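Chemist: A structural model of the following input is requested.
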Amino acid sequence: MEDNLALKVSGVTKTFRLFGSHTERVKESLHPFRKKYHRPFNALTNVSFCVKKGETVGIVGRNGCGKSTLLQIICGILQPTSGNVSTNGRVSAILELGAGFNPEFTGRENVFINGAILGFKSREIESRLDRIVFFADIGDFFDQPVKTYSSGMYVRLAFAVAVSVDPEILIVDEALAVGDEMFQRKCFARIRDIKVNGGTILFVSHSAGTVVELCDRAVLLDRGEIILEGSPRFVVGRYHQLINATPGESELIRSEIRGLKENKASQKSAAFESLSRSVEMVQDVKPFFDQTLVPKTTFSYRTYGARIFEPAVETLSGEVVNNLVRKQEYIYRYRVEFFETVYSVRFGMLIKTPSGLELGGAGWPSAGEPEPLVEAGVTISVQWKFRCLLLPGLYFLNAGVLGMVGGKETYLDRMIDAIAIRVQQERGMFATAMVDFEIEPHELRILKGSE
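Modeler: Numbers count the residues shown, from 1 in each chain. Have a look, this model is predicted:
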């Protein structure tokens, strides 16, 4: 395998034998003339692709398309019927729920067992144990049998082990969908760290936005075959066209996808024209405060004469909320206590996704000169009024105050993931991605012939 490759999958086919009943399975195993009672099913057919070192590749596809089977073969859990897989580096994987855990052993014991499977000695796992415990954040359950764990605990421990061994190749199945939103935030931050440090990542997810954000390249798998490779946005767009097609259109769209190349993305095809016939119904949700929606990733920079406190989102009537309703107006505010006299003071805020994508922010003053002087002992309340144009999902808000320290503009205090907000789902809403551009149906014309 070439030195610049981390993973190479060559002509992999996986065939399973399907029986109509257990009796047929027994008959086939005992039949003197080897009569076949099964029918073959190809979960994967001649799958080939490569992943370069340091590359993040996303795999998308409908349920049952072969994604999990492919990952299990790459990890060595399953053997291919034909073809082969080559890896160049230490592989760490998070596959289906609880894979590799012995339910009778405690979380601590399973950590050492998994470490040994990955080739680590006990003292090496011991040196990583504190950060595994901290990342998993399952409390006293760490020393309880894994069979007592909830699905979320399984994922927490599995991910903590997988990323603590500094993998050269990290393989992540849809398992993260089981974890709560706050834990997903930690996971995405760690995945980004691995990516920045040159790690190779193979990522399977039904979340199109996550694939576009995290991945350098994407692969579309359908019926056990790779039908398209390219940039994440290009591949995800075709994936959505495939899954939203009617049964009558599905075969035509699939055939056209197989013949596509990315440089043809701008060409029109009648098979890819999709029209939304959904009309948004009157919303029946109201903003409210959920006391359990507290970020576990909040941290502050070293302070220089100021301290941020009491960040919150309020309605225009002054009610503190963290579950918002789309298209309504809110106030984001925090207070800053100055315990030293500082100069050229500015304030800022930022909104991010759970995976860390920065969606937008604002500064105060928005234009003109900063506050020239703020004396020690002063407390300032700063507020931003905004209209919620975010689509349903979880988001995080930062807070920051800057000033001059030693002749250089520096954060006097900065709070990362100061608060979390959730934009609520509404009945009958048909929208995708993260930002609401307030797109409404305008015109539908049926044209005869070509344009």
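
Chemist: K195: what's it in contact with?
Modeler: Applying C-beta atoms under 8 Å, 6 or more residues apart in numbering to K195 gives the contacts 54, 56, 201, 214. Where you see a C-beta, it was placed from the backbone N, CA and C, and this is true even at glycine.

Chemist: would you turn those into TSV with pLDDT?
Modeler: Below are the contacts of K195 laid out as TSV (pLDDT from 0 to 100):
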residue	pLDDT
G54	91
T56	92
I201	91
L214	82
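
Chemist: Make a markdown table out of the residues you listed and add distance to E109, neighbour count and secondary structure.
Modeler: Listed next are the contacts of K195 as a markdown table, based on distance: C-beta to C-beta, whole Å; neighbours: other C-beta atoms under 10 Å; DSSP: H, G, I helix; E, B strand; the rest coil:
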| residue | distance to E109 | neighbour count | secondary structure |
| --- | --- | --- | --- |
| G54 | 34 | 16 | coil |
| T56 | 32 | 23 | strand |
| I201 | 28 | 23 | strand |
| L214 | 32 | 23 | helix |
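
Chemist: Give the residue spans of the chain that score low on pLDDT.
Modeler: Under the criterion pLDDT under 70, the flagged ranges of the chain are 1, 96-100, 174-181, 208, 244-246, 261-284, 367, 427-433, 439, 449-451.

Chemist: so what are the domain limits for it?
Modeler: Following automatic domain parsing, one gets these domains for the chain: 5-89+168-264, 299-423.

Chemist: looking just at contacts, which helices and strands does the helix or strand containing I308 meet?
Modeler: Assigned by DSSP states H and E, I308 belongs to strand 306-315. Secondary-structure packing of strand 306-315 (3 or more C-beta pairs under 8 Å, 6 or more residues apart in numbering; DSSP states H and E): strand 320-321, strand 329-338, strand 393-405, strand 408-423.

Chemist: Pull the third one out as CSV, backbone CA atoms only.
Modeler: What follows is strand 393-405, C-alpha atoms only, in CSV (Å, rounded to 0.1, in the frame of the first residue of the first chain):
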residue,chain,number,x,y,z
GLY,A,393,-31.4,22.1,16.8
LEU,A,394,-28.9,22.8,19.6
TYR,A,395,-26.6,25.8,19.6
PHE,A,396,-24.0,27.4,21.9
LEU,A,397,-23.3,31.0,22.7
ASN,A,398,-19.9,32.5,23.6
ALA,A,399,-19.3,35.8,25.5
GLY,A,400,-16.1,37.9,25.4
VAL,A,401,-14.7,41.3,26.6
LEU,A,402,-11.5,42.8,25.1
GLY,A,403,-9.2,45.5,26.1
MET,A,404,-5.6,46.8,25.8
VAL,A,405,-3.0,44.8,27.9
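
Chemist: which outside residues touch stretch 87-95?
Modeler: By C-beta under 8 Å, 6+ apart, stretch 87-95 touches 1, 3, 5-8, 53, 68, 71-72, 74-75, 77, 99, 118-119, 155, 158-159, 161-163, 165-173, 175-176, 200.

Chemist: make that stretch 6-14, sorry
Modeler: Stretch 6-14 is contacted from outside by 1-2, 42-55, 66, 69-70, 73-74, 78, 80-89, 168-169, 200, 202, 224, using C-beta under 8 Å, 6+ apart.

Chemist: Drop the exposed ones from those residues and show what's left.
Modeler: Among the contacts of stretch 6-14, those buried by neighbour count (16 or more other C-beta atoms under 10 Å) are 43-45, 47, 49-51, 53-55, 66, 69-70, 73-74, 78, 80-81, 83, 85, 87-88, 168-169, 200, 202, 224.

Chemist: quick one: buried residues of stretch 188-196?
Modeler: Neighbour counts using 16+ other C-beta under 10 Å place 188, 190-192, 194-195 of stretch 188-196 among the buried residues.

Chemist: Can you lay out those residues as a markdown table showing distance to S150 and secondary structure?
Modeler: A markdown table is the format used below for those (distance: C-beta to C-beta, whole Å; DSSP: H, G, I helix; E, B strand; the rest coil):
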| residue | distance to S150 | secondary structure |
| --- | --- | --- |
| F188 | 21 | helix |
| R190 | 21 | helix |
| I191 | 23 | helix |
| R192 | 26 | helix |
| I194 | 26 | helix |
| K195 | 29 | helix |
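
Chemist: Looking at these, which is nearest E104?
Modeler: Set against E104, the nearest of the buried residues of stretch 188-196 by C-beta to C-beta is R190 (28.6 Å).

Chemist: what sits against the closest one?
Modeler: By C-beta under 8 Å, 6+ apart, the neighbours of R190 are 135, 159, 163.

Chemist: part of a helix, is the second one?
Modeler: Yes. Using DSSP: H, G, I helix; E, B strand; the rest coil, the assignment for F159 is a helix.

Chemist: re earlier: need the domains of the chain in TSV (columns: distance to V146).
Modeler: Listed next are the domains of the chain as TSV, based on distance: least, C-beta to C-beta, whole Å:
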stretch	distance to V146
domain 5-89+168-264	15
domain 299-423	26
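
Chemist: These: which one's closest to N114?
Modeler: Nearest of the domains of the chain (C-beta to C-beta): domain 5-89+168-264, 12.5 Å.

Chemist: S355: neighbouring residues, count only.
Modeler: Residues within reach of S355, counting by other C-beta atoms under 10 Å, total 17.

Chemist: ok, now L350?
Modeler: Look at L350: counted by other C-beta under 10 Å, it has 18 neighbours.

Chemist: and it, how far is that from I416?
Modeler: To I416, L350 is 9 Å away according to C-beta to C-beta, to the nearest Å.
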